[in-house]
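Asks: sequence and computational prediction follow.
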Amino acid sequence: MKARVTVTLKTGILDPQGKAIEGALRSLGIAGVASVRQGKVFDIEIEGASDRARAEALLKEAADRLLANTVIENYRIELI
Amino acid sequence: MKARVTVTLKTGILDPQGKAIEGALRSLGIAGVASVRQGKVFDIEIEGASDRARAEALLKEAADRLLANTVIENYRIELI
Amino acid sequence: MNSAVLVFPGINRERDMARTLKIVSGNETAMVWHAERALPAGTDLVVIPGGFSYGDYLRCGAIAARSPVMDAVRAHAARGGLVLGVCNGFQILCESGLLPGVLMRNQQLKFICRDVYLKVERSDTPFTRGYNAGQVIRVPVAHGEGNYVADGETIARLEGEGRVLFRYSSPDGIIDPDWNHNGAINAIAGIVNAGGNVLGMMPHPENHVESIMGCTDGRGLFAGLVQHFEKAA
Amino acid sequence: MRNEPQITPELVAEHGLKPDEYQRILDLIGREPTLTELGIFSAMWNEHCSYKSSKVHLRGLPTEAPWVIQGPGENAGVIDIGDGLAVVFKMESHNHPSYIEPYQGAATGVGGILRDVFTMGARPIACLNALSFGDPGHPKTRHLVSGVVAGIGGYGNSFGVPTVGGQVRFHTRYDGNNLVNAMAVGLARSDAIFYAAASGVNMPIVYLGSKTGRDGIHGASMASAEFGEDSEEKRPTVQVGDPFAEKLLLEACLEIMRQDCVIAIQDMGAAGLTCSAVEMGAKGDLGVTLELDRVPTRETGMSAYEMMLSESQERMLMVLKPEKEKEAEGIFRKWGLDFAIVGHTTPTKRFLIKHGGDVMADLPIKELGDEAPVYHRPFVESPKLPQIRAGEVKAPLPLAAALEKLIGTPDLCSRRWVWEQYDHIIGGNTVQRPGGDAAVVRVEDGPKGLAMTCDVTPRYCEADPFEGGKQAVAEAYRNLCAVGARPLAVTDNLNFGNPEKPDIMGQFVGCVRGIAQACKALDFPVVSGNVSLYNETNGRAILPTPTIGGVGLLDDFAKSATLALKNDGDVILLVGETAGWLGQSLYLRDICGREEGAPPPVDLAAERRHGEVVRELIATRQVNAVHDVSDGGLLVALAEMAMASKLGARLDAESGAVPAHAFWFGEDQARYVVTVAPAQADALASFLAVRGIAVRRLGTVGGTALAIAGENPLPVATLQAAFEGWFPAYMAGG
Ligand SMILES: Nc1ncnc2c1ncn2[C@@H]1O[C@H](COP(=O)(O)OP(=O)(O)O)[C@@H](O)[C@H]1O
Ligand SMILES: [Mg+2]
């Protein structure tokens, strides 16, 4: 089974990367971007077939314990 | 308007971070993950209202010229 | 030798580089701000130093590679002018398309600062004429993303054309994974473009030119460049 | 003034103010404060900013010497090193934030201390860090080590300052409260130091740097609160560091200072805008009016309360020369930084905050700082512990086996795993890299060099706060002398538990008295520092940990000494007296399993005498290798010297009155190991003896093993494997 975990910064948490990218887009002359916030995706292949509930539990554990820093980040799990 | 650009590594390009995460999940005792590949998302706020075609063109330019390194990365644009 | 050191926001080894160029060449170096559109007249050598241009945000070197001054660097390179990119400079050169490939995170995902050994593959280039082919030199690295990656075809071409100038090795010149701290393909530490006039390398020869650092093995690179331009003059 | 929520006792308590402290506020301002005002008071009067529990004791520290330009009270201390140059340095803790979010907590700790240094006009030239973690077996420890080290490296490497030294320790008493003490050292021209005090009425107050967000609101109060079970819930107050912005801020500030635009400057650290504005006004005997509508924000709808308490990083406040405004703004714009005039100085001595057409706060500025409560907290002295007699301690292992085990313990093994993640060479001035007694950094193009070190032995401080405080200073002094530097001044970072407990307060008072006595005796004044209290979880305090950061000067960096053995045949000498003190030694703890007894006493006169003579020997190039003896004792020191060179040593057996294990592993103070060419050995020994300094011949350099006569020789390679092995293996574990 395939899944995607998307990790994004919580609102209000400073995103220096996003800020720098905004500036770079502007100086490249790409106008019209009001703001950029950067996050991560993890494309995960899960062994074995198709127990969705098990897969979700597994991904949740992976996200909570490793993929996301829940102090400053939120995450979302999608099974594909 | 809001958009998300997702940038992922092309198949065949080595992903040291993904590999390390696989290992880390294993050593955390989280079993059942066959592989992990890490990518990036950019959540972008576009100024002005709702010309979807214009927005897409803008995002494509941003992705081609800056957000993705098309030597090793693919990207996908979604308007939200 | 007239050299110009590029300064992008977040670059932080520009002073190390300028000092080294001064020590070895005897000349002051021009410091060129990223927003400039031209290089100082008479520039022989453009150096893109190490650091964290734009905080290494997005991808190392990505934002700097798209600065105005890089067009001038491209033009300089196209004329056959010499360009040296060290560490972040190497990353910027890859991102700007002047060199192929990309520098990914170190295999063990950590920043590493230590002395490493480099095998100098050739001595018949302006950048390596200060060394003998096969010589092993000790220079420091200080990077988190120095893992050189390119597709198979590119690697084959680089190898086939003898464009790998430096490789991580053991002190005896053996290429061995144990001595390849960042996991680069074929232990690649430095490569040149097809014209042989643009060098990108991860290690910092500029930090090993004075005896106070305990080693002067980096000096050969700069001394060779000086010789190259003296010859030319 | 705008009506805000009624101030309730609950609100007062949430702000960490005690009922009597609130009463004091009412008395001072003669009315109920607004919420913004309450926030301002809570920020100014918490332990972190007001030093209310520690102030009366800190007054006992010596702070003066002819070479001190600025002692405690400014952003950092300043000392004169001649040639028109000054060294600016300070150490600061980021303990609580680093526990909540290790990477960002540690990173912003480094960012904060760097700002303190360049605010004064200095370019940072080195960083150090002293880290204390819980037991390696504790489930959180590995995660904390990994995050904290990455965060320190992440910030310093990107900013572009070499991180050249520090300390790392593990002890179960730091399980819920790891310590991150970061030190920064900068170089300035001694006639161009910048201070916080504003001067002149109606001068523009300028906001510089990054935009303000809701980061770390209440961070300063958090740093002064004890942790409970719910500490994980305090997370949203975490700040994210942006070393890139800080690097730009550094370059912009130094440029603006060179252009002579600046009257006063203050970084925004704990309690951001509040603390910095009050300090500028109060120090200059002026009032300050701030117009919050002009503050650059990165979030919408921020209230005055939030803006005044935000701890967003990479920000500064400056009083500008009005005629230089445009020039200054141009410099900041060039570096891509925010620049806004957010207020001005006034003659009223009031702190006036306007927002959205309303006055949100109107407070007496001097009183905010000066009238903060000061406590003479009750304290009890720690009970004296019995002296452990070496004869009563059994040796469970042969000497070589004990050494091999000790050198691979968490507290004695190599810290390479840590410092290889720090760029320790950037700048091209790092003469001595991490791994020696003190780091040495060349000053500009030389010939001068600066030596720096961080030291404290918390187990000594716990066992005897006074001796422990002395020892921390003495060890810093020794580490500087061991590389040949003249110790000039210290910065301290006093990490303790809850000062409201008399026994903890007793530890604090004892340590500070010890530090004071040692600093006086060694002519080693304190020029800056930081206090971190309430390091407790569920009522259990950390070990008392007064970290001492020492800075010393070498007239010629090329003459600095290193600990590596140099030549086969060199004679190894021990300077200083060996009584075989095993109380609180690592041998007793890690080999015998006993964490007991009184720590070694520190004879300050001997420290000074020995330090001075060792410096002289180094300066006159009479010795080839030098190392001080500290944790683990003499044999550990010799092992470190051997490993640094790959050369071995042949050592004579101890035949005197001291039991062998106490001789080799005792932690008596004021000792150095030196090596000398065989032809000069006798002359050197008699030179020392003539001066009344105890010296004894230990053996000679040679071979590939550490071999004590009559014992199994221990190959240096075996030692090395044990020494280098523990840290990476531990961190790789799951
Ligand atoms: N956190 C750290 N960062 C950088 N260097 C460190 C750190 N911890 C320890 N070191 C270095 O490792 C060496 C050994 O440390 P330590 O045993 O505390 O030395 P000493 O006993 O001389 O005080 C020193 O050079 C020290 O600077
Ligand atoms: Mg020492």
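Replies: Nice, I can see it. Ligands and ions are numbered 1, 2, ... in the order given.
Asks: can you count the residues close to residue 66?
Replies: In the absence of a named chain, chain A is used. Look at A:Leu66: counted by other CB atoms under 10 Å in any protein chain shown, it has 16 neighbours. To be clear about C-beta, it is placed using only N, CA and C from the backbone, and glycine gets the same treatment.
Asks: hm, I was asking about chain D
Replies: By other CB under 10 Å, the residues close to D:Pro66 number 6.
Asks: with D:His138 instead?
Replies: Neighbour count of D:His138, defined by other CB under 10 Å: 17.
Asks: from what I can see it touches D:Thr172, true?
Replies: Yes: in this structure, D:His138 is within contact of D:Thr172 by CB atoms under 8 Å, at 7.0 Å.
Asks: got any ranges where chain C has weak pLDDT?
Replies: For chain C, residues meeting the criterion pLDDT under 70 lie at C:233.
Asks: ok, residues contacting the helix or strand where C:Ile191 lies?
Replies: Using DSSP states H and E, C:Ile191 sits in strand C:188-192. Surrounding strand C:188-192, the residues in contact under the criterion CB atoms under 8 Å, 6 or more residues apart in numbering or on different chains are C:90, C:99-101, C:116, C:118, C:125, C:127, C:148, C:158, C:163-168, C:198-203.
Asks: and chain B, which of these reach it?
Replies: Near chain B, judged by CB under 8 Å from any CB of the partner chain, the entries from these are C:Pro100, C:Gly101.
Asks: pull up the residues of chain D that are close to chain A.
Replies: D:100-101, D:103-104, D:210, D:213-215, D:235-236, D:238-240, D:242, D:244-245, D:298-299, D:312-313, D:336.
Asks: would you quantify the distance from D:Ser53 to chain A?
Replies: 29 Å (CB to the nearest CB, to the nearest Å).
Asks: nearest spatial neighbour of that residue, skipping sequence neighbours?
Replies: Excluding its sequence neighbours, the residue lying closest to D:Ser53 (CB to CB, 6 or more residues apart in numbering or on different chains) is D:Pro499, at 4.0 Å.
Asks: quick one: secondary structure of the one you found?
Replies: coil (DSSP: H, G, I helix; E, B strand; the rest coil).
Asks: surely it meets D:Lys52?
Replies: No: D:Pro499 lies out of contact with D:Lys52 (CB under 8 Å); the separation is 9.0 Å.
Asks: what do the two both touch?
Replies: Joint contacts of D:Pro499 and D:Lys52 (CB under 8 Å, 6+ apart) are D:Tyr375.
Asks: for C:Gly224, grab phi and psi.
Replies: phi -60, psi -40 (degrees, to the nearest 10).
Asks: what about D:Asn202, which SS state?
Replies: When classified by three-state DSSP, D:Asn202 comes out as coil.
Asks: now for the longest strand belonging to chain A, which elements pack on it?
Replies: Counting residues, the longest strand found in chain A (DSSP state E) is strand A:33-46. In terms of contact count using 3 or more CB pairs under 8 Å, 6 or more residues apart in numbering or on different chains; DSSP states H and E, strand A:33-46 is assigned the packing partners strand A:2-9, helix A:16-27, helix A:52-62, strand B:2-9, strand B:33-46.
Asks: which secondary structure elements does the third one contact?
Replies: By that I understand helix A:52-62. Counting by 3+ CB pairs under 8 Å, 6+ apart, helix A:52-62 packs on strand A:2-9, strand A:33-46, strand A:73-79.
Asks: got those as a markdown table, with mean pLDDT and mean neighbour count columns?
Replies: A markdown table is the format used below for the helices and strands packed on helix A:52-62 (pLDDT from 0 to 100; neighbours: other CB atoms under 10 Å in any protein chain shown):
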| stretch | mean pLDDT | mean neighbour count |
| --- | --- | --- |
| strand A:2-9 | 94 | 19 |
| strand A:33-46 | 94 | 20 |
| strand A:73-79 | 94 | 15 |
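Asks: contact partners for D:Ile170?
Replies: That one is not Ile; residue D:170 is Phe. Shown in contact with D:Phe170 (CB under 8 Å, 6+ apart): D:Ser132, D:Phe133, D:Gly134, D:Asp135, D:Pro136, D:Thr141, D:Pro410, D:Asp411.
Asks: in ChimeraX, select just the buried ones from these.
Replies: Only the buried entries of those go into this ChimeraX selection, using 16 or more other CB atoms under 10 Å in any protein chain shown:
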select /D:132,133,134,136,141,410,411
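Asks: nearest to B:Ile77, of the contacts of D:Phe170?
Replies: D:Thr141 (43.4 Å; CB to CB).
Asks: hang on, the closest one packs against D:Ser132?
Replies: No: between D:Thr141 and D:Ser132 there is no contact under CB under 8 Å: 10.8 Å.
Asks: for the one residue in chain A that gets nearest to ligand 1, which non-adjacent residue is spatially closest?
Replies: At 22.4 Å from ligand 1, A:Asn69 is the closest residue in chain A, using CB to the nearest ligand atom. Residue nearest to A:Asn69 in three dimensions, not counting chain neighbours: D:Glu101, with 7.1 Å by CB to CB, 6+ apart.
Asks: quick check on that neighbour: phi, psi?
Replies: phi -140, psi 90.
Asks: shouldn't it be in contact with D:Val238?
Replies: Yes: applying CB under 8 Å, one finds D:Glu101 in contact with D:Val238, separated by 4.4 Å.
Asks: ok, now which ones touch the residue of the stretch 51-200 of chain D found nearest chain A?
Replies: Distance from chain A to each residue of the stretch 51-200 of chain D (CB to the nearest CB) is smallest for D:Glu101, at 4.6 Å. Going by CB under 8 Å, 6+ apart, D:Glu101 touches A:Asn69, A:Val71, A:Ile72, D:Gly147, D:Arg235, D:Val238.
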